[in-house]
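Peer 1: Just need the structure, nothing else, for what follows:
(chains A and B)
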Amino acid sequence: GIQVEQSPPDLILQEGANSTLRCNFSDSVNNLQWFHQNPWGQLINLFYIPSGTKQNGRLSATTVATERYSLLYISSSQTTDSGVYFCAVRYYQGAQKLVFGQGTRLTINP
Amino acid sequence: DVKVTQSSRYLVKRTGEKVFLECVQDMDHENMFWYRQDPGLGLRLIYFSYDVKMKEKGDIPEGYSVSREKKERFSLILESASTNQTSMYLCASSLGPRREKLFFGSGTQLSVL
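Peer 2: Numbering: from 1, shown residues only, chains lettered A, B, ... in the order given. The predicted structure is shown next:
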């Protein structure tokens, strides 16, 4: 099956810093999503981005499907950005299920 | 906004009990999913359903069954709970083919003693 690798596994930053989280995948995908899991366990969908670039406030994401990676950018980090960020991919047409990476744990210190 | 509601936030059960976890979504989504999340193992798909009365096995279906009698409700059943089923259970839904943005409920932390 497809391999989904996220890096770095852990990231600790000061408030106000910028960060880049990476998601590599081992096969062609037609669905890629980024999620944020807050410290209370709730998973929030940040982006549905099988290709191209999207922006939502301080967050943006870019997927280069031909090179099999996606990047999540967080600018001017706030303590509320802390949590675990997951990417998830769907890797063949017709399958309804996503495969999740192991996540990047982001800690933003005040 | 889409709302996916799981019936319990915390649940404690005894080994051998039959356990029902309920999930309801309010946006007429076709697809519904059950995941479990364990430290070091990430999110793993248990079962999913893309229509009423339809179900498909995910990656770890053993020891679980599901029921989807109505479009908005997807139930996960532990026929005889065991301690290795202690986990965070997450329900999710998506609109359907080609509209697959996934929305999660807030999770149920199940402890089996």
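
Peer 1: Quick one, grab the pLDDT at B:Gly58.
Peer 2: B:Gly58 carries a pLDDT value of 90.

Peer 1: Report the beta-bridge partners for the residue lying closest to it once chain neighbours are set aside.
Peer 2: Distance criterion C-beta to C-beta, 6 or more residues apart in numbering or on different chains; nearest residue to B:Gly58, sequence neighbours excluded, is B:Leu45 at 3.2 Å. The C-beta positions use only the backbone N, C-alpha and C, and glycine is treated the same way. Beta bridges link B:Leu45 to B:Tyr35 when assigned by DSSP bridges.

Peer 1: And B:Leu45, how close does it get to B:Gln37?
Peer 2: Per C-beta to C-beta, to the nearest Å, B:Leu45 is found 11 Å from B:Gln37.

Peer 1: same deal with B:Leu102?
Peer 2: 14 Å.

Peer 1: One more: A:Ile74?
Peer 2: In terms of C-beta to C-beta, A:Ile74 sits 22 Å off from B:Gln37.

Peer 1: cool, A:Gly1 as well?
Peer 2: 19 Å.

Peer 1: Looking at the two, which one has more neighbours?
Peer 2: B:Gln37 (21 against 9; other C-beta atoms under 10 Å in any protein chain shown).

Peer 1: Tell me which stretches of chain A form strands.
Peer 2: A:4-7, A:10-14, A:19-25, A:31-37, A:43-48, A:52-56, A:59-64, A:69-74, A:83-90, A:99-100, A:104-109 (DSSP state E).

Peer 1: Please work out which of those strands is packed deepest.
Peer 2: strand A:83-90 (a mean of 24; mean count of other C-beta atoms under 10 Å in any protein chain shown).

Peer 1: Adjacent strands (with direction) for that one?
Peer 2: Partners of strand A:83-90, by DSSP bridges, with direction: strand A:31-37 (antiparallel), strand A:99-100 (antiparallel), strand A:104-109 (antiparallel).

Peer 1: closest one to B:Arg9 among those strands?
Peer 2: strand A:31-37 (15.2 Å; C-beta to C-beta).

Peer 1: Could you list the low-confidence segments of chain B?
Peer 2: B:1-2, B:98-99 (pLDDT under 70).

Peer 1: For the residue positioned nearest the centre of it, give its distance to B:Ile46.
Peer 2: By C-alpha atoms, centre = their mean, the mean C-alpha position of chain B lies nearest to B:Trp34, the distance being 2.9 Å. According to C-beta to C-beta, B:Trp34 and B:Ile46 sit 4 Å apart.

Peer 1: Common neighbours of the two, please.
Peer 2: B:58, B:64, B:66, B:76 (C-beta atoms under 8 Å, 6 or more residues apart in numbering or on different chains).

Peer 1: And the nearest residue to the second one once chain neighbours are set aside, how far from A:Val4?
Peer 2: Beyond its immediate neighbours in the sequence, the residue positioned closest to B:Tyr64 (C-beta to C-beta, 6+ apart) is B:Ile46, lying 5.3 Å away. B:Ile46 sits at a distance of 18 Å from A:Val4 (criterion: C-beta to C-beta).

Peer 1: Next, the contact list for residue 91, please.
Peer 2: By default, I'm working from chain A. So A:Tyr91 contacts A:1-2, A:25, A:27-30, A:99 (C-beta under 8 Å, 6+ apart).

Peer 1: my bad, chain B
Peer 2: Per C-beta under 8 Å, 6+ apart, neighbours of B:Cys91: B:4, B:6, B:21, B:23, B:32-35, B:74, B:76, B:104-105.
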